[in-house]
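A.B. asks: task: produce atomic coordinates for the following.
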Amino acid sequence: MSAKVLIFTKRVLPRSNTFVAAQGNNLPSFEPVYIGLRNDSGGINLIEGKSTCVQANVEPFAMLSRLLLDGCQILTSKWANALAAQQANVIHAHFGKGGYYCAPIAKTLNLPLITTFHGSDVTQKDKFSYNSKHRNITFKHSAKIIAVSKFIQNKLLARGCPEDKIIQHYIGIDNQFFSPAEDKFDQPTILFVGRLIEQKGCQYLLQAMKTIHKTLPDAQLIIAGYGSYQEKLQALASDINNVTFVGAQNRAQVKHLMSKAWVTCLPSIVMARGNEEGMPTVCVESQAVGTPVVAFDTGGVSEGVVHEKTGLLSTQKDVGQLAANLLAVLQSTAIRDQMSQAGIDHIDQHFNIRRQCEKLEAIYHSVSSGKR
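C.D. replies: Model (predicted):
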């Protein structure tokens, strides 16, 4: 019987959690079982053919069971039995609150727990932060804590996570799928991919487009994503030429747009509550297909993008420099070609998901020795 890992996300599986599916699906020997509290059809196709065990599908009073787990850390029997039947070797929870949910599962099933922290689950700093109440429980009950970047590792240390539990590990991306495949658009094209929320900073990119159009009036901006900030962004774009909102895109559509774009822009900012990028997958995927990245230097972005080699970074909210960096890439074929090849090599060396998953399995083995 092959080893199994229970991979927890609160919902199975949001469209935004492509990185969870990519990691689980590329494990070389562990069989993934995706578990969570509720169903989510948004990204369920990403784990097609894989086993799942969702609380809402098992418990007759799913809402009550969820409330007991959330409020009292009580794991109700039917889901516990269904999880036990999987005969897993380890539990891997994504996000700090996921580790909190999984602590009683790990205890009941006598399994080691690994929790990955991704970003705002550790960067939020105000006293009302939804995750802050649960971090200490996650720290205590996790055998290992994975930080998706050195930036997140430092945040975990600042939050009091025991240093000997932390392992810095890049998730990586499937760079056999995200590989150069298509010719570029004929006109200079900037791509934004991400949730349309204030933190992602698309509003600053729209401001930069006004400056860019003074030099390159035919430059176009494609905005791919959805979110609560969309109406405001559309209002900001109403007097800017060549801006197209294409909505939420699936994995293949994102690859297509990234391959065709001349540059991908990540203008993420630091929010007052502390929300900040941990390691944005978009910047890694873009470089893998050979498209340079221009970004604000926030969170773990500088670990994914090598400044002046695979892309250009600038101080957050500096619209003038953002526009200048975008123009530098758009106006020079030589710069784009140089950054393109450097980006492909950088991602293969540091973010190749197959190599990264071999390292992840070594972590699983280190905590699950003797577990069946």
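A.B. asks: got the buried residues for stretch 320-337?
C.D. replies: For stretch 320-337, a neighbour-count test (16 or more other Cβ atoms under 10 Å) marks 321, 322, 323, 324, 325, 326, 327, 329, 330, 335, 336 as buried. For every residue, glycine as well, the C-beta is placed using N, CA and C.
A.B. asks: can you check stretch 350-360 too?
C.D. replies: For stretch 350-360, the neighbour count (16+ other Cβ under 10 Å) marks 351, 352, 353, 356, 357, 360 as buried.
A.B. asks: what would those residues look like in a markdown table with distance to residue 65 and pLDDT?
C.D. replies: Output for the buried residues of stretch 350-360, formatted as a markdown table (distance: Cβ to Cβ, whole Å; pLDDT from 0 to 100):
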| residue | distance to residue 65 | pLDDT |
| --- | --- | --- |
| 351 | 38 | 98 |
| 352 | 39 | 98 |
| 353 | 34 | 98 |
| 356 | 34 | 98 |
| 357 | 32 | 98 |
| 360 | 30 | 98 |
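A.B. asks: specify which member of these is nearest to residue 14.
C.D. replies: residue 353 (19.1 Å; Cβ to Cβ).
A.B. asks: I figured that closest one hits residue 171, correct?
C.D. replies: Yes - look at residue 353 against residue 171 with Cβ atoms under 8 Å: they come within range, at 7.2 Å.
A.B. asks: how many neighbouring residues does residue 220 have?
C.D. replies: Neighbourhood size, residue 220 [other Cβ atoms under 10 Å]: 19.
A.B. asks: now residue 356. Nearest residue, chain neighbours left out?
C.D. replies: Nearest non-adjacent residue to residue 356, counting by Cβ to Cβ, 6 or more residues apart in numbering: residue 172, 3.6 Å away.
A.B. asks: do I have it right that the one you found meets residue 351?
C.D. replies: Yes - between residue 172 and residue 351 there is a contact at 4.4 Å, judged by Cβ under 8 Å.
A.B. asks: please enumerate the shared neighbours of those two.
C.D. replies: Here residue 172 and residue 351 have residue 284 as joint contacts, going by Cβ atoms under 8 Å, 6 or more residues apart in numbering.
A.B. asks: so what touches the helix or strand encompassing residue 336?
C.D. replies: Element membership of residue 336 [criterion: DSSP states H and E] is helix 333-350. With contacts defined as Cβ under 8 Å, 6+ apart, helix 333-350 is touched by 170, 173, 175, 179-180, 262-263, 284, 286-288, 290-293, 306, 309-311, 328-329.
A.B. asks: buried sites along the lowest-mean-pLDDT helix or strand in the chain?
C.D. replies: Taking mean pLDDT, DSSP states H and E as the measure, the chain has helix 132-141 as its least confident helix or strand, at a mean of 90. Using 16+ other Cβ under 10 Å as the test for burial, helix 132-141 gives 132, 134, 135, 137, 138, 139, 141.
A.B. asks: tell me how far the third one lies from residue 219.
C.D. replies: When distance is defined by Cβ to Cβ, to the nearest Å, residue 135 is 43 Å away from residue 219.
A.B. asks: hang on, the earlier thing: who touches both of residue 353 and residue 171?
C.D. replies: With Cβ under 8 Å, 6+ apart as the test, residue 353 and residue 171 both reach 22, 23.
A.B. asks: any regions of the protein where pLDDT drops low?
C.D. replies: Residue ranges of the chain with pLDDT under 70: 1, 126-132, 369-372.
A.B. asks: if you set the cut-off to 90 instead, what comes out?
C.D. replies: The chain contains residues with pLDDT under 90 at 1-2, 15-16, 124-134, 181-182, 273-274, 368-372.
A.B. asks: pop the domain breakdown of it in here.
C.D. replies: The chain breaks down into these domains under automatic domain parsing: 4-172+352-368, 189-350.
A.B. asks: sorry, back to before: for the residue nearest to residue 356, what are its contacts?
C.D. replies: Contacts for residue 172 (Cβ under 8 Å, 6+ apart) come out as 22, 23, 284, 351, 352, 353, 354, 355, 356, 357.
A.B. asks: mind checking which of those land in strands?
C.D. replies: Among the contacts of residue 172, no member falls in strands (DSSP state E).
A.B. asks: which of those sits closest to residue 209?
C.D. replies: Within these, the smallest distance to residue 209 is 24.4 Å, found for residue 284 (Cβ to Cβ).
A.B. asks: tell me how far the closest one lies from residue 258.
C.D. replies: Taking Cβ to Cβ, one finds residue 284 at 11 Å from residue 258.
A.B. asks: wait, is residue 258 part of a helix?
C.D. replies: Yes - looking at residue 258 with DSSP: H, G, I helix; E, B strand; the rest coil, it is inside a helix.
A.B. asks: and residue 116, what element?
C.D. replies: Counting by DSSP H and E, residue 116 is part of strand 113-117.
A.B. asks: and the buried ones among the contacts of helix 333-350, selectable in ChimeraX?
C.D. replies: Filtering the contacts of helix 333-350 down to the buried ones (16+ other Cβ under 10 Å) takes a single ChimeraX command:
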select :170,173,175,262,263,284,286,287,288,290,291,292,293,306,310,311,329
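A.B. asks: show me what the closest residue to residue 142 other than its chain neighbours bridges to in the sheet.
C.D. replies: The shortest distance from residue 142 to any non-neighbouring residue, by Cβ to Cβ, 6+ apart, is to residue 115 (4.4 Å). Taking DSSP bridges as the rule, residue 115 bridges to residue 93, residue 145.
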